[in-house]
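In: quick one, what's the 3D model for this:
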Amino acid sequence: MLRRSVLSLALCLAAVPAFAQQTTIKFTLGWKTQGSDAFLFVARDKGYFKEEGLNVVIDQGEGSGATVTRIMSGAYDAGFGDMNAIIQNASTRKGEAPVMVYQIWNQPPFAFSSKKTTGITSPKDLEGKKLGGSQGTPTVRMLPVFAKANKLDMAKLNLINMAPNLQEPLLIKGEIDAAVVFNITSYFNLILNRQDPEKDYNWLSFGDYGLDLYSNGIMVSQKLLKENPKAVSGLVRAINKAMIDVAKDQDVGMKAVVNFDNLVNEPVEKRRLQFSFEKLIVSPEMNEIGVGDLKDDRLKKSIGLVAEGYGLTRLPEPSEVFDRSFLPPKAERALVYTKK
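Out: Predicted structure coming up:
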């Protein structure tokens, strides 16, 4: 009888290896729950993480730059955050900064937003205008680099420091002429303030005027990278599968978003999700190399731009901030976006 009990227990344990072998990954979002994070929740709900032997625990974030410091502190293993913040930290703390393993936002969200009535349609029009920006943000830190690239006189750019949550209200009131913003944030702050960001506002993207930077993607800690590369590969595969799903059907993505956080404004967040594909993810370069990858020569140039903006004394090599070795084959990363 005892031998039968032991045998039965052994058979039961053998029948549930997935639970015993799961690797937990603590993952931080770039901000609060947003539609543009849909791929993560789809990967969770469809079991893509579980198929890779992963238990991915997702928490809300405090900013895409803070993702880097959260991971460096050891509190998180991976997250969705800004490549440029990795570059800054890799410059001063070599071998400690997280590494991007799946580049998602191929185009930078850094932009100027202005009412069309102000007539700001080119960088030169910014001279002599009141600009509202939040000190320390990438858009403000990179403003001198933008000015240099576009032959603007910094002395003629009247920058007013303000909290990020005041930028759109003061822009609406006309107390500033333009706001120095993240377009994926400001565009929807305007919508939530009953504005029409398409009809009534102009947008000047840094990427269109000389600052061809990469932005947000999936980054992992140095510890996870070295100690469990299999888990990193699984994380990237699962997210890639979900990205392809969401590109085809945003309703699938939004169902997963609401399942994670039922307090989100679903119509607004669905529009934000589509905006992320249309303005930040899909590009000629992405169509050429597939989602998740980047071009090393472009990254090297952007490292130089970030170094100039932040006064970095050491320029990290592209290999220090991006590792493509975990990417699925290009054919599996052919993303086709269909607005739905």
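
In: every contact and neighbour count from this point should use C-alpha atoms.
Out: Will do.

In: so what's the spatially most central residue of the chain closest to, chain neighbours aside?
Out: Per CA atoms, centre = their mean, the C-alpha nearest to the average position across the chain is that of residue 216, at 2.6 Å. Closest residue in space to residue 216, ignoring its immediate chain neighbours: residue 82 at 4.2 Å, by CA to CA, 6 or more residues apart in numbering.

In: list the contacts of that neighbour.
Out: Under the criterion of CA atoms under 8 Å, 6 or more residues apart in numbering, the neighbours of residue 82 are 64, 65, 67, 68, 215, 216, 217.

In: following the record's annotation, map out the domains of the chain.
Out: Here the domain assignment for the chain is 22-107+214-333, 110-208, based on automatic domain parsing.

In: save those as JSON lines, and put in mean pLDDT and distance to residue 340 too.
Out: As requested, the domains of the chain are arranged in JSON lines below (pLDDT from 0 to 100; distance: least, CA to CA, whole Å):
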{"stretch": "domain 22-107+214-333", "mean pLDDT": "97", "distance to residue 340": "6"}
{"stretch": "domain 110-208", "mean pLDDT": "96", "distance to residue 340": "19"}
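
In: single out the most deeply packed of those.
Out: Between these, the one whose residues have the most neighbours on average, counting mean count of other CA atoms under 10 Å, is domain 22-107+214-333 (a mean of 20).

In: how long is it from one end to the other?
Out: The straight-line separation of the ends of domain 22-107+214-333 (CA to CA, to the nearest Å) is 25 Å.

In: can you check stretch 32-44 too?
Out: 17 Å.

In: for that stretch, what is the distance to the chain centroid?
Out: Centroid separation between stretch 32-44 and its chain, computed with CA atoms, centre = their mean, to the nearest Å, is 11 Å.

In: which residues of the stretch 201-340 of the chain fall in helices?
Out: When secondary structure is read from DSSP state H, counting those that start in this stretch, the stretch 201-340 of the chain shows helices at 222-227, 229-248, 250-260, 266-275, 284-289, 296-310, 318-321.

In: which one of those lies nearest to residue 40?
Out: Nearest to residue 40 among these is helix 229-248 (6.4 Å), distances taken as CA to CA.
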